[in-house]
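>>> would you be able to build a 3D model of this:
(chains A and B)
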There are 2 protein chains.
Amino acid sequence: MDEFASIRHWTDGRQAAERLREQGVVIGIGDDAAVVEAPPGPGEGGALQWVLAVDTMVETVHFNTATMGEADVGWKALAANVSDIAAMGGVPRHALVSVSVPRAWEPARMRRLYDGLYACAEHYGVAVVGGDTTSSPAQLVVSVTVVGTVAAGKAISRAGAKPGDVVFVTGPLGLSAAGLHWLLAAVHGGEEAVPLTAAQAGGTAALVQAHRRPAPSVRAAQLLAARGTVTSLNDVSDGLASEAWEIANASEAKLALRETQLPISGSLAAYAHRCGLDPLDWLLYGGEDYVLLGTMNAEDAAVAKSAMTAAGMPMYLIGTVEAGAPGVELIRIDSRLGGGTGRYAERREPIRPRGYNHFA
Amino acid sequence: MDEFASIRHWTDGRQAAERLREQGVVIGIGDDAAVVEAPPGPGEGGALQWVLAVDTMVETVHFNTATMGEADVGWKALAANVSDIAAMGGVPRHALVSVSVPRAWEPARMRRLYDGLYACAEHYGVAVVGGDTTSSPAQLVVSVTVVGTVAAGKAISRAGAKPGDVVFVTGPLGLSAAGLHWLLAAVHGGEEAVPLTAAQAGGTAALVQAHRRPAPSVRAAQLLAARGTVTSLNDVSDGLASEAWEIANASEAKLALRETQLPISGSLAAYAHRCGLDPLDWLLYGGEDYVLLGTMNAEDAAVAKSAMTAAGMPMYLIGTVEAGAPGVELIRIDSRLGGGTGRYAERREPIRPRGYNHFA
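Purely as a prediction, here's the structure:
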C-alpha cells in the first residue's frame, strides 16, 4: 500500500496554479485540511453562499470492471457531484476525493482513475483541494465531495414548483440506463472494461458514453438560474419518475408530463427497438442521466428555451405543474380510441416514484 | 436496501433548528446539495475562509466489529475530520456523511452508527447537512467531510516552524494504539464489540475510550491560535513520528524531541509494563491520538501553557525546533553513562517517519 499512502502521489502537478487561484484556493492538497475563500474576479459581486454535496460510487453496486474503466469511474464520481451543485443553481469550485483502493490494484489503475477525475475537474473548472486514500479489502469505493458557490439567497431547491409552471429537462433521458443494459449484455466475463470500439460497432457508443462520462448541465443551470424564473430544480440521478416525485412532494403539487414531449434520442429509440423493449422504461426509471429537471414560470418558458438554443444547449418542455395532491402523471395518447378517424383521446397514468436500482 | 435508501431516515429530527441556524445552514439534508453561509452572531467579525477535510474509515482496515461498536465508528469518523479542521486553527461547522452499508446489516446498526455520529456532532457543535447512503457488497465504509471556518489569512499550516520554536502537544499520546492492542488481544472471535466493562475490569478503559471515542483538541486550537504565536500545527492521526516529520519537511527544519518531556499517561505506562512492551513505540508510532502537535514562539510557550492550564486543558512542551536538514530526533538519557555518579549523558536518535499501519 505504500504507493497509495498519500494522495499527493496521484495529484501532484495535475492542475495549474492559475486554476487554483481562480477558484480561491488558499491551501490545497497536502495539509490537514484545505483552505478556500470566495473566488476573486469579476461577476462575483455580492455575498455568496456555499453549496455542499457528496456522492459515493461502490464497485459491484454502481459499476464493475467491465462496465466502467478506471478513468470513467474517476470522471463520473466527480460529475455526479458537479451535477448536484448545478441542480442548486450553483457553480462547482472545489473537490475532495476519498478513494478506498483494493489491495490487489496496480498503481497504474489509480493513475487512470485520477486521469478521469482530473479530466472532469478541468472540464468544469473545479480545483481538487484534498482527499484521503485508504486501502479496501475487496471493492473500490470512491467518495467525492464538491463545494460550490451561489449568490446569497439564490439557491434553487426542489420546493418551489407552482401550479401553472412548465416542467422542463435540459437533455435527453434514459441513455445511461440503456448504455448499461448494452454493457451488461456485452460482458463475457472479462476483467477489462468493454472497449468503446465495441459499442461503436454495435451502434451504442452514445449510450455507453452517456453511462460512463455523463456531462452535467452546469452552463444550462447558470443560464436558467440567471433568468430568475426557475421555481424548482433537481438533477436526474435516480430517474425522471423519482426526481419528478421529489419535486412534487417538496412543492406539494402535481407534475403532469406529456409522453409526446419526452426527449427520446435516436440512439435510445434504435437500441430499444432492436431489443424489443419500451424506451419509456429507461427514460422514466433509468437514472444517472445527470441532466436537470425543473419547473419555471410558464410565461418565460418559450423565451428561455430560445435563449438555451441560441447558447447551443437543448431544453425540452415536457409538462406542467397542476394543483392537487403531490403526484406525477403521464399524459399518453390512447391510439385505440382513434378508430381510423384520425382523432385520439388522452389518458393519464399515475407514475410511481420507483427509482434506479443500480445493478439489482 | 429500502431502509437505507435515504439518509433522511437516519437523520430526521436529530438536530435542533437552533443548531442549524447557529451554523449558518440555509438548506440542510434533503435536496441535491446543502447550502450554507458564514454563521451569524458575535465573534465572527471580519472576512472568513473555509476549511475543508475528508476522512474515510473502512471495516477490516481501520476497525472491525470487535474493536469498535457502530456508535464508536460514527463518532470517530466525524471526530477525525473535526481534528483536521482544528489542526488548521479552524472551527468545524458542517458535516457531510457518506456511508456504504453492508447488505447484511440490520437497520438498528445504522441507527447506532448515526447515534454516535450525532453525539460527536453535538459535542463539537457541528451541523450535519448532507450525505449519501449506498449499499456495500461486504464491508462498512464511512467517509465524512467537514467544512469549517477560519479568520481570513489565519489558517495554520505545517510549514511555519522556525529554529528556536518550542514543540508542543495538546494531550497524551499512544493511548489509542495501546487500546487497540488490548482490544485485538481481547477478541475471541465474537461479532460483537468488546464491551467497555471488560476493559474496565482489565484496567484499560481509558485506552479503549481513547481508541473508540477520540476527543479532538478544538478548544485548545482556538485558544492557541488566538495567541498568534503558533507557527505550525498538525493533528496526530498517523503517530507523533510521522506528524513531526511532516512539520519538519514542510518547514525545512529539524524537530528535536526530549524523551523525558513526552506525555506518557499512567494508563499507558501501566499497560505497557504489564505487557512487557516499551510505551515509546505506541507513543511515537501508534497514531489516531487526534491531539495537536505544533510549534510556537519560545517566548510565549510558558505563558501559553499557563493559559491552557487555567482553561482546564493540558499542554506539553516536548522539544525544540533546530536549524538543519529536515528531520526528527529524540533526545534520550543514556543511563549507562551514569555509573553510580548521578550524572548522565544525552544521546540523540534519529526517528524514522514510520506511521500507523492500521491492522497491518
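>>> drop to CA atoms for contacts and neighbour counts, all remaining ones
Will do.
>>> got the contact list for the residue in the stretch 201-350 of chain A positioned nearest to chain B?
Closest contact between the stretch 201-350 of chain A and chain B, by Cα to the nearest Cα, is at residue A:234 (6.6 Å). Neighbouring residues of residue A:234 by Cα atoms under 8 Å, 6 or more residues apart in numbering or on different chains: A:84, A:87-88, A:157-158, A:243, A:247, A:292-294, B:32.
>>> swap the cut-off to 10 Å and go again
Counting by Cα atoms under 10 Å, 6 or more residues apart in numbering or on different chains, residue A:234 makes contact with A:83-89, A:156-159, A:169, A:240, A:243-244, A:246-247, A:290-295, B:31-33.
>>> for it, phi and psi?
phi -140, psi 150 (degrees, to the nearest 10).
>>> could I get the pLDDT score of it?
The confidence metric pLDDT takes the value 96 at residue A:234.
>>> could I get the full set of helices for the stretch 251-360 of chain A?
A:266-275, A:279-285, A:298-310 (DSSP state H, counting those that start in this stretch).
>>> of these, which is nearest residue A:208?
Residue A:208 lies closest, by Cα to Cα, to one member of the helices of the stretch 251-360 of chain A: helix A:266-275, at 10.5 Å.
>>> who touches the closest one?
By Cα under 10 Å, 6+ apart, helix A:266-275 touches A:172-179, A:181-182, A:202-207, A:264, A:276-283.
>>> mind redoing it with 8 Å?
A:174-175, A:178, A:203-204, A:206-207, A:278-279.
>>> most surrounded residue in the residues you listed?
residue A:175 (30 neighbours; other Cα atoms under 10 Å in any protein chain shown).
>>> from what I can see it touches residue A:204, true?
No. Using Cα atoms under 8 Å, residue A:175 is not in contact with residue A:204, being 9.4 Å away.
>>> mind checking how far the residue lying closest to residue A:19 once chain neighbours are set aside is from residue A:118?
Nearest residue to residue A:19 in three dimensions, chain neighbours excluded: residue A:127, at 6.6 Å (Cα to Cα, 6 or more residues apart in numbering or on different chains). Note on residue A:127: its distance to residue A:118, by Cα to Cα, to the nearest Å, is 9 Å.
>>> list residues touching both of the two?
residue A:15.
>>> the two: who's more crowded?
residue A:127 (28 against 23).
>>> contact partners for that one?
A:15, A:19-20, A:23, A:25, A:93-95, A:121.
>>> mind putting those residues into JSON lines with pLDDT and neighbour count?
Listed next are the contacts of residue A:127 as JSON lines, based on pLDDT from 0 to 100; neighbours: other Cα atoms under 10 Å in any protein chain shown:
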{"residue": "A:15", "pLDDT": "91", "neighbour count": "15"}
{"residue": "A:19", "pLDDT": "90", "neighbour count": "16"}
{"residue": "A:20", "pLDDT": "91", "neighbour count": "22"}
{"residue": "A:23", "pLDDT": "91", "neighbour count": "21"}
{"residue": "A:25", "pLDDT": "92", "neighbour count": "25"}
{"residue": "A:93", "pLDDT": "95", "neighbour count": "29"}
{"residue": "A:94", "pLDDT": "96", "neighbour count": "27"}
{"residue": "A:95", "pLDDT": "96", "neighbour count": "25"}
{"residue": "A:121", "pLDDT": "96", "neighbour count": "23"}
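>>> same list, those, but as JSON lines with secondary structure please.
Formatted as JSON lines, the contacts of residue A:127 follow (DSSP: H, G, I helix; E, B strand; the rest coil):
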{"residue": "A:15", "secondary structure": "coil"}
{"residue": "A:19", "secondary structure": "helix"}
{"residue": "A:20", "secondary structure": "helix"}
{"residue": "A:23", "secondary structure": "coil"}
{"residue": "A:25", "secondary structure": "strand"}
{"residue": "A:93", "secondary structure": "strand"}
{"residue": "A:94", "secondary structure": "strand"}
{"residue": "A:95", "secondary structure": "strand"}
{"residue": "A:121", "secondary structure": "helix"}
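>>> can you pick out the most distant pair from the residues you listed?
A:25 and A:121 (14.4 Å).
>>> the helices in the stretch 51-200 of chain A, which residues?
Using DSSP H, counting those that start in this stretch, helices in the stretch 51-200 of chain A cover A:70-86, A:107-124, A:175-186, A:196-202.
>>> closest one to chain B among those?
The nearest among those, by Cα to the nearest Cα, is helix A:70-86 at 5.1 Å.
>>> off-centre distance for that closest one?
8 Å (Cα atoms, centre = their mean, to the nearest Å).
>>> how far off centre is the worst-scoring helix or strand of chain A on mean pLDDT?
Ranking every helix and strand in chain A by mean pLDDT, DSSP states H and E puts helix A:8-11 at the bottom, with a mean of 77. From the chain centre to the centre of helix A:8-11 is a distance of 26 Å (Cα atoms, centre = their mean).
>>> now it: buried residues?
A:10-11 (16 or more other Cα atoms under 10 Å in any protein chain shown).
>>> next: stretch A:267-274.
Within stretch A:267-274, the residues scored as buried using 16+ other Cα under 10 Å are A:267-269, A:271-272.
>>> mind checking how far the residue nearest to residue A:19 is from residue B:119?
Taken as Cα to Cα, the span from residue A:127 to residue B:119 is 32 Å.
>>> residue A:149: neighbour count?
27.
>>> which stretches of chain A aren't confidently modelled?
A:1-7, A:41-45, A:188-190, A:335-343, A:355-360 (pLDDT under 70).
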